[in-house]
Structure formats: C-alpha cells, structure tokens
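**Q** Structure for this input, please:
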Amino acid sequence: MANVEELSVALTPDVLAEVRAAVEGGEYDSVSEVVREALHDWCMRRKVEARETEELRRLVQEGIDSGPGLEADAVFVRLRARFGHPPA
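**A** Residues are numbered from 1 along each chain as shown. The predicted model follows:
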C-alpha cells in the first residue's frame, strides 16, 4: 500500500478476540483490514451524521423563517371541537 503510516492501537481483550476471530474465520485477510473497514465505516457514519445535522438545522431555520407559530392549546381546542375526543 502506498502512503501508509503504521500506528499502534490498544484494544480490549473482548474486541481483540472479535477481530482475531474475524481474521481466523476468513472474513478478513488481516487485522489491518478489519481496522481499515471499521475506520471507513466510522468515517462514513460521521459524514451521514453531519449531513443529517445540517438538514435538521435547515429545517429549524425554515420553521423560524415561516413566521410565528400557533398556540398548541388553541389548536387542540379547535381539533377537539371539529373531530371530538379520541377513543379511549
């Protein structure tokens, strides 16, 4: 692999056993491959979370920009008047 830097990672005995079992079971060719895939998944998850956070911020701002909200109690009074109480 070109442009590879080696580093040391400390793992708990349980995690290390899982990693070794994955390699010994043939799911991966090496411990390094397991760690690379785990880091790739972690990076992807962070990107997805960042996009979701940005979308939530956009939606909140859209709500703020849409103007003043309605008083919830007044809305529920109107809904109950129109549709009655929900079945118990």
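**Q** Give me the buried positions along the least confident helix or strand in the chain by mean pLDDT.
**A** Lowest by mean pLDDT, DSSP states H and E among the helices and strands of the chain is helix 72-83, with a mean of 91. Neighbour counts over helix 72-83 (16 or more other Cβ atoms under 10 Å) mark no residue as buried. Using the backbone N, CA and C atoms, a C-beta is placed for each residue, glycine as well.
**Q** next one: stretch 51-61
**A** Applying 16+ other Cβ under 10 Å to stretch 51-61 flags no residue as buried.
**Q** same deal with stretch 5-25?
**A** So for stretch 5-25, counting by 16+ other Cβ under 10 Å, buried means 19, 23.
**Q** any idea which helix is longest in the chain?
**A** For the chain, the helix with the greatest residue count under DSSP state H is helix 31-65.
**Q** Average the pLDDT values over that helix and round to the nearest integer.
**A** In this model, helix 31-65 has a mean pLDDT of 97.
**Q** What helices and strands are in contact with that helix?
**A** Under the contact criterion of 3 or more Cβ pairs under 8 Å, 6 or more residues apart in numbering; DSSP states H and E, helix 31-65 touches helix 13-24.
**Q** contacting residues around the helix it packs on?
**A** 11, 28-31, 33-35 (Cβ atoms under 8 Å, 6 or more residues apart in numbering).
**Q** Quick check, central residue of the chain?
**A** Residue closest to the average C-alpha location in the chain (Cα atoms, centre = their mean): Glu49, at 5.0 Å.
**Q** Need the CA coordinates for stretch 25-35. CSV is fine.
**A** In CSV, the C-alpha atoms belonging to stretch 25-35 read as follows (Å, rounded to 0.1, in the frame of the first residue of the first chain):
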residue,chain,number,x,y,z
GLY,A,25,-12.7,-17.3,10.3
GLY,A,26,-11.7,-16.0,6.9
GLU,A,27,-13.9,-12.8,6.9
TYR,A,28,-10.8,-10.7,6.6
ASP,A,29,-7.2,-11.3,5.4
SER,A,30,-5.6,-9.4,8.3
VAL,A,31,-6.2,-7.4,11.5
SER,A,32,-5.3,-4.3,9.5
GLU,A,33,-8.1,-5.0,7.0
VAL,A,34,-10.6,-5.2,9.9
VAL,A,35,-9.4,-1.9,11.3
